[in-house]
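Engineer: got a sequence here, can you build the structure:
(chains A and B)
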Amino acid sequence: MNASATVIGTIARKELLELLRDARFWWTGGIILLLMLIALFLGWQQMQRVDGEHAAARAVTYQQWLDQGDKNPHQAAHFGQYAFKPVSPLAFVDPGIDQFVGSTVWVEAHKQNEFNFRPARDATSLQRFGELTIAFVLQILAPLVIVLLAFSAFTGERERGTLRQLLSIGVKPTQLLVGKGLAIMTAVGALLLPMALLGFIALGFADDQHASATNLYLRSTWLVVGYAIYLTGFIALALGASAASSSSRKALIVLLAFWVVNGFIAPRAMTDLARLFCPTPTKVEFQNGINEARKATFGHDETHPAFTAFRDEVLKKYNVTRIEDLPVSFRGLSLRKDDENGYRIYDEHYGALWATYARQERIRAIAGFAFPLAALRPFSMGLAGTDTFHQNRFATAAELYRRQIQTAMSEDLIQHHKNGDNKYVSNRQLWEKIPTLEHKIPEAKTAIAEQGLNLGILLVWMLATITFAVTATRRLRPL
Amino acid sequence: MHTSLYLKEIFNFERSLFRADRLDFFVALILFATVGYAFVNGQSWIDKQQQAVHAAQMEESVRLQELKDKLAGIDAGSLKPAKAYENPANAYWVGNRHAATYAVLPPTAFAATAIGQSDLNPPYIKVSSDNKESFALNEEIENPGNLLIGNFDLAFVVVFLLPLLIIALSYNLLSAEHEQGTLAITMTNPVPLWVLIAGKLSFRVVLVFSLTASMTVIGLLVIGTDLSTMDSLVRLGWWIVLLFAYIQFWFALAAAVNALAKSSAQNALILTGLWIVILLVLPSFISIAVNVAYPVPSRVAMVGLIRAAQTDANKESDATVARFEQEHPEMTAMPLAKGDDTAAIRKRVFVQQAAASRITQIMARYDRQLAQQQRIVDSLRFLSPAIVMQEALNAVAGTDNSRYQQLSLQVDAFHRVWQDFFLPKVLDNTPLTLADYQNFPRFAYAEQAISETGMRLLGALLGLVVPIAVLYLFSLRRIRDYPVTA
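Structural biologist: Residues are numbered from 1 along each chain as shown, chains lettered A, B, ... in the order given. Below is the predicted model of the structure:
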């Protein structure tokens, strides 16, 4: 056991030394590091800028709400506010869907609106080639560097004739595998861990308005774990492929092909399959569904059967025969009733839409068993707080805020409006009762729970690659 | 002397080699699978989009029919609208809400080949007499995760995957012969090295190009593209020419890398590295540069500005209504469609009009910055042939940003026509009649002839041809010093 550790240690040291003397390592490592620094700088700047813009816009919309002047509370509800998506402080690592999701939603009476203004629509088509982010470097470029460092690990020894010598002095193939693996892990770790450290330090300067520091550090730690699993799997895969191939050239070609499918083909193909099996409804379909359901509710239509039924019910409850005799505002009551009817409809329809998105995500993730990016990408976005789940959680918060406004406005009518009074107005005092919309990024454990399956897929994949590497090395032919 | 003869000989020899390895079969299989999948996918995207358009148009005609039925009921005296909002004769609410019409952008015959920006820009815009901001920027519903990853369309196959296939076929064009020692034997023939490379290259170019081009044509026919119109033929012509140039570019790049006389493994890595630079790094760097040079102002700030414009207009409106009624006593005296609502509705129109010019200005700023950005991209795209190709293929398919800008311009003009139809009637307080319903303005997209995109496409072609020439010249110079023996 101890002797084995010494052998592995010697191999690892020798391999590491060789790597460090190899110009390829310094070249690719240097480029990766440079790109990551640029990505870090740009990502940080972008995040700060967008967050600043959103904070300013939030202040403006709230001020406009306060300054709207004296008016009927329901009119104020129609005026409403805009809700702006907070930027996750980890967006500088992985901006996820931020460019492709609406940033703004109008919070108004009667309806739950869609988010508008996808930043990508305001960008040139270059956006579609992808963005230079830390996530991109780690997901796409880092595996390529690993392939580059490892493809000739065994084939190279065989081609130089050193493999035979090694095996003849009693080195076990698995010892060779572990030694080489450790060396590459050390080299890649030495390249990336300082970056992770830099990221952790940068986080200390992040605005903790949207998330607590503990939350952010927990999330980042999980991010490091996820990427470590992904890259370790790649190291095992590359070493395994090198052990299983008859020549360096073949190993390289197979690994590059895998890298291409993992990074570029599988994600798109799976997205299309997801859409095929689980189509997103079109806006018209979605709206029609809501409009149909809303036909059962009365809105402002006082001839609607549901309206007359509700009126009779209220009259009966208060034991009066005329609206004028009611002790509370009937208008307020009917608005509240109609809103409550609407909430159920919106919950149902948006719930169904988001369930479709979630199913699409699950279909996409299946590919992760073979091509790990399919599991890593959602994991990374989820932990960075920039995935669809986080977006929908904010949409829910904005909707609850809308309901808070609706309820407050209707309550004011119910309590203060006299039936038959068409001139009733409220003022700033009521508007001020609505606090600003504060949204916190949920705790790390929520994201972990959502991404647990993807983490599991990643782990399974990594174990499979390690098994492959061990099996392939055991069958290693010295010649 | 016998260069062309040798060329032909090498060409045929390569063909036999490929056949022996069944490599031509594999290339065909890969292309068949990817091109086929891209077509299935592109077409299903177009189908979905057209389904959405159809659903929208159905929804509109049902809505209009309901209004007409209601109006006929009122005319016959059997129906009495409870409110102005529900009155199908009320020009304000009909123009602003009930009769809002979809301005539809029809797909071109080649739309399935490049989904381009068509997943971000909805193919229809619901135009009403309300101000532009209420409809111009509405989004189609989509899982943002899908948008982020992008689509597997023919343009993706050509721009992203074809270069990889080309790299796989040519990274060891010379290096393999060198490593196997066959190069020295081959060179004992009285044939210059460049002829050898040219022969090997031309076989591969012919193989990849003919397979891709013919599968594209077959794919187009299978999805039912009408290739008999002049428009589709011109589009097809551009597709084929661009495809040929792009394939040439990557083979030229592979030749240049081979001419550096490095090992096969090194060649493969250099070419993969170049692929990353051309397809991933350069586009994102240019994108960053463009954003630094002409940052697009934030849309979230726009929301606040527009709201301020509306609030201001609202404050000024009482005075405007008073002035209007003073200046047009004849109109206030006219019989009203729905008496109690006229003043309020007039006020709405004035508020809307007062806010309109400011809102148009605010929104125009975005269009200007975006146009500036596009101009820089138009010149910087030449740094990366992949950008040149992607933009060109989007243009051929009619899914590029410029076509959506064209739609936006035409919708602006149509919006004015729509407002001119309804708003005077609102101010005059003229009720809508069934005859008016037949005469509602209709939007029809005036297609830009593909020839108008010709200059852009010609630029794109030049953007491919120049690097091809440079790379081939470089290779020719470098292979003179190529070490034939190990």
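
Engineer: the chain: strands as residue ranges?
Structural biologist: Let's take chain A. In chain A, the segments counted as strands under DSSP state E are A:81-84, A:104-107.

Engineer: other chain: chain B
Structural biologist: Under the criterion DSSP E, chain B contains strands at B:101-104, B:124-127.

Engineer: about what we covered before: please identify the deepest-packed of the strands of chain A.
Structural biologist: Mean neighbours per residue, mean count of other C-beta atoms under 10 Å in any protein chain shown, is largest over the strands of chain A for strand A:81-84, with a mean of 26. For every residue, glycine as well, the C-beta is placed using N, CA and C.

Engineer: run through who's touching that one.
Structural biologist: Residues from elsewhere that reach strand A:81-84 (C-beta atoms under 8 Å, 6 or more residues apart in numbering or on different chains): A:54, A:57-58, A:61-62, A:64-65, A:103-107, A:394, A:397-398, A:401, A:405, A:437, B:300, B:303-304, B:307.

Engineer: give me every residue in the stretch 301-450 of chain A lying close to chain B.
Structural biologist: A:301-303, A:353, A:356-357, A:360-361, A:364, A:378, A:387-388, A:391 (C-beta under 8 Å from any C-beta of the partner chain).

Engineer: and these, which are buried?
Structural biologist: A:301, A:353, A:356-357, A:360-361, A:364, A:378, A:387-388, A:391 (16 or more other C-beta atoms under 10 Å in any protein chain shown).

Engineer: coming back round to it: any idea which of the residues of the stretch 301-450 of chain A next to chain B is the one closest to chain B?
Structural biologist: Minimum distance to chain B across those is 4.4 Å, recorded for A:Tyr357 (C-beta to the nearest C-beta).

Engineer: what about the closest one, distance to A:Leu458?
Structural biologist: A:Tyr357 is 21 Å from A:Leu458, where distance means C-beta to C-beta, to the nearest Å.

Engineer: which pair in the residues of the stretch 301-450 of chain A next to chain B has the greatest spatial separation?
Structural biologist: Across those, the longest distance by C-beta to C-beta is 49.5 Å; it joins A:Thr303 and A:Pro378.

Engineer: can you tell me the average pLDDT over the lengthiest helix in chain B?
Structural biologist: Taking residue count as the measure and DSSP state H as the definition, the longest helix of chain B comes out as helix B:23-76. The predicted model assigns helix B:23-76 a mean pLDDT of 92.

Engineer: how far does it sit from its chain's centre?
Structural biologist: The chain centre lies 17 Å from the centre of helix B:23-76; the measure is C-alpha atoms, centre = their mean, to the nearest Å.

Engineer: same check on stretch B:154-168?
Structural biologist: For stretch B:154-168 - counting by C-alpha atoms, centre = their mean - the centre lies 19 Å from the chain centre.

Engineer: hang on, the earlier thing: same list, the strands of chain A, but as TSV with mean pLDDT please.
Structural biologist: As requested, the strands of chain A are exported to TSV (pLDDT from 0 to 100):
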stretch	mean pLDDT
strand A:81-84	94
strand A:104-107	93
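
Engineer: now distance to B:Phe203 too, for the ones you listed, in CSV please.
Structural biologist: Converted to CSV, the strands of chain A look like this (distance: least, C-beta to C-beta, whole Å):
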stretch, distance to B:Phe203
strand A:81-84, 58
strand A:104-107, 56
